[in-house]
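A.B. asks: Here's my sequence, what's the structure:
(chains A and B)
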2 protein chains.
Amino acid sequence: MPAVGMVGGGQLARMTAAAAVGLGATFRVLAESPTESAALVTRNVALGSRLSLSDISSFATECDVITFDHEHVPGDILADLESAGVLVRPGSAALRYTQDKLAMRDRLSTLGVPCPRYAQVASVADVVEFARGSWPVVLKSVSGGYDGRGVWVCESAAEAEEVVGHGVALLAEEFVPFRRELAALVARSPSGQGAAYPVVQTVQLDGICREVIAPAPGLDPDTAVEAEALALRIAAELGVTGLLAVELFEARNGRLLVNELAMRPHNSGHWTIEGARTSQFEQHLRAVLDLPLGSCAPAASSGQFTVMANLLGGTDPDVFDRYLHVMAADPAVKVHFYGKEVRLGRKIGHVTIVGGPGDDVEELRDRARRAASYLRWGTEDGD
Amino acid sequence: MPAVGMVGGGQLARMTAAAAVGLGATFRVLAESPTESAALVTRNVALGSRLSLSDISSFATECDVITFDHEHVPGDILADLESAGVLVRPGSAALRYTQDKLAMRDRLSTLGVPCPRYAQVASVADVVEFARGSWPVVLKSVSGGYDGRGVWVCESAAEAEEVVGHGVALLAEEFVPFRRELAALVARSPSGQGAAYPVVQTVQLDGICREVIAPAPGLDPDTAVEAEALALRIAAELGVTGLLAVELFEARNGRLLVNELAMRPHNSGHWTIEGARTSQFEQHLRAVLDLPLGSCAPAASSGQFTVMANLLGGTDPDVFDRYLHVMAADPAVKVHFYGKEVRLGRKIGHVTIVGGPGDDVEELRDRARRAASYLRWGTEDGD
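C.D. replies: Numbering: from 1, shown residues only, chains lettered A, B, ... in the order given. Sure, this is the predicted structure:
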């Protein structure tokens, strides 16, 4: 069996490690520290920096293909690895569009993919001109940005001035008054096979994903097909190998607009571990190994839902006593812990509930939220 | 989070390791070699012998509780560990009934649990007397015996003579003309909580489990309840902590008879990874940690089935090319590989298919068998 190496030792690598066990592929992780989430559970851990060509090159000698649990390996390192013959999946040409939001917007616009109106901005005057008197305006750093950091919603020129003062390259985007946020998750293999998961609804709070409902309740079937086709098309046009998550706004007028792209397992796909025939983690491994892709069909029957709620750290570092309560209160809740130290607001795990006959989606959401709240705060009605 | 140590590094430990990732419990394995199935994928591997008190004691110092992926740790070692204050789950008093089939039969009979007629035998004359002219007679070694090894179906006194010649302590049992074989899998925690999975049908060939259908098709609901209640009662009476698998004969007259007991994750429960809300591996961890038990409800909707087929080694050691074919041919088949070298007839993995709406159980069985056959022989109509 071939060996896959994942650069990055976070929870995405941890869950990929678990998926690799059944698949039978050898799985290696390049982590920054032996106590990182994935390093705690993986047999083959190398320590090194994502910023070091020599660390990654040395890691790659033991792998048939390397992939990533984040988008933070610099493009020149990726290119050097490829020049040296390392199989990098997704490749640098695709990953560029997750590392440079301006390049992403320009490329998607060229492809005719609907995006929010955008412009590069270098000064407050640029932002004011972009706003055309209509606030808020969304400012994003062109490079970096993850889970909401690097994104600022500015209500006024004064607020924009503070962001511009950070001195990072910025992109301005119109603030889309959306009905809700959706995500389309697809996989594409080097052979060109594509597979699309059902489109989900994501619920964000303070820029952090808190909840995912699969499939998105009440989504117009044509819109669902449009979103899946859009994600598959982007994956093909950008030459993505592995997973591609396309975060979407469903605007108030029903239009879909692309918000962000990620080319790795994605928070919006954690529900697939229990909720789909093939988990996104196994699917990513299959795709980067150029194996035939697995079925994306939901595990729940037609008309039923799977709900995932993220578990954020609270103020009490010892989550274990509360864990007992949650297990006893709802034996069908599946808790995933990432082995991370509890810090306020940090993603330390998630919970999933797969709906059964007669389960109502709002009731499932309530159960998931109560479990996550209790694990965080010791009370079922926190957030 | 507490740490669970599993003595034994086979596929059961491997799949338990994967379950421990989400649960967040630290998982350690005591393996005999670094290339054993579980040792290949587990972060915390100690090397040592299941026959060495000092190896297991030293391993146990790093664990809050120890458990097993087999029943081959000698009883005196288990007792010594317990005397030294090690939490051993299941404990030696319970494990004894998996190590000594005569003790098991005597105890179950005392409890009024229906078993095949049995007697200890020491000579061919004893076997002939036991047979009362009715052959075949089943001979079993009192200690040991695993996956059919240590069990002999004798058609005549001459065949019995050969078995007696092995010189091991033997038990004779009536040959039960069964309709089919069933298995009842339950968990019991030290606090006394019990949980029962749906009763499954198992299909054996040459003494090796080949196929499991969950739940057992067409099983009379009263019989299903009887089997679950029987297994829960045995677990409680024997003081089992962790999983208990009760292998049953459904006799031609509809009666249930206990065939074998196992106190660990069991081949008849592999379907639960995809097919139940809580996998048997997570359930075993929960039970030995005295955590509240998870839901045993099937993932498939009511009236639908999950089918598991064991994957045995064929004659070609390179299974990977055939793996590609199986993945492409049936994207909903989930293959689990154990990382074991291919040897003829050796269990090297299993495949699972969870039925969806409209799936017929015979069609699911056929798909599972075809996948397993192709992986083994490179043809879909092998065995």
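
A.B. asks: and residue A:219, that's in a helix?
C.D. replies: No. Counting by DSSP: H, G, I helix; E, B strand; the rest coil, residue A:219 is not part of a helix but coil.

A.B. asks: which residues touch it?
C.D. replies: By Cβ atoms under 8 Å, 6 or more residues apart in numbering or on different chains, residue A:219 lies in contact with A:182, A:199, A:201, A:250. (Glycine included, C-beta is placed from N, CA and C.)

A.B. asks: Residue A:216 contacts residue A:200, doesn't it?
C.D. replies: Yes. Counting by Cβ atoms under 8 Å, residue A:200 is a contact partner of residue A:216 at 5.5 Å.

A.B. asks: Looks like residue A:315 contacts residue A:344 (just checking).
C.D. replies: Yes. Counting by Cβ under 8 Å, residue A:315 does reach residue A:344; the two are 6.2 Å apart.

A.B. asks: in the lowest-mean-pLDDT helix or strand in chain A, what counts as buried?
C.D. replies: Lowest mean confidence among the helices and strands of chain A (mean pLDDT, DSSP states H and E): helix A:320-329, at a mean of 91. Within helix A:320-329, the residues scored as buried using 16 or more other Cβ atoms under 10 Å in any protein chain shown are A:322-323, A:326-327.

A.B. asks: check contacts around the nearest residue to residue A:318 once chain neighbours are set aside.
C.D. replies: Leaving aside its sequence neighbours, residue A:318 sits nearest to residue A:342 (Cβ to Cβ, 6 or more residues apart in numbering or on different chains; 7.8 Å). By Cβ under 8 Å, 6+ apart, the contact list for residue A:342 reads A:313-314, A:316-319, A:348.

A.B. asks: Equivalent analysis for residue A:163, please.
C.D. replies: Contacts of residue A:163 by Cβ under 8 Å, 6+ apart are A:139, A:152, A:154, A:170.

A.B. asks: OK, contacts around the third one?
C.D. replies: The reference is to residue A:154. A:127, A:135-139, A:160, A:163.

A.B. asks: Which pLDDT value belongs to it?
C.D. replies: Looking at residue A:154, its pLDDT reads 96.

A.B. asks: That one and residue A:220, how far apart?
C.D. replies: Distance, residue A:154 to residue A:220, using Cβ to Cβ, to the nearest Å: 32 Å.

A.B. asks: just the first one next, same as before
C.D. replies: Remark: distance between residue A:139 and residue A:220 (Cβ to Cβ) = 32 Å.

A.B. asks: what does the last one give?
C.D. replies: Summarising the geometry, the distance separating residue A:170 from residue A:220, computed by Cβ to Cβ, is 35 Å.

A.B. asks: returning to that earlier point: which ones among the buried residues of helix A:320-329 come in contact with chain B?
C.D. replies: Filtering the buried residues of helix A:320-329 for neighbours of chain B using Cβ under 8 Å from any Cβ of the partner chain leaves A:323, A:327.

A.B. asks: and which of the buried residues of helix A:320-329 is nearest chain B?
C.D. replies: The closest of the buried residues of helix A:320-329 to chain B turns out to be residue A:327 (Cβ to the nearest Cβ; 4.0 Å).

A.B. asks: Would you check how far apart the closest one and residue B:278 are?
C.D. replies: Residue A:327 is 10 Å from residue B:278, by Cβ to Cβ.
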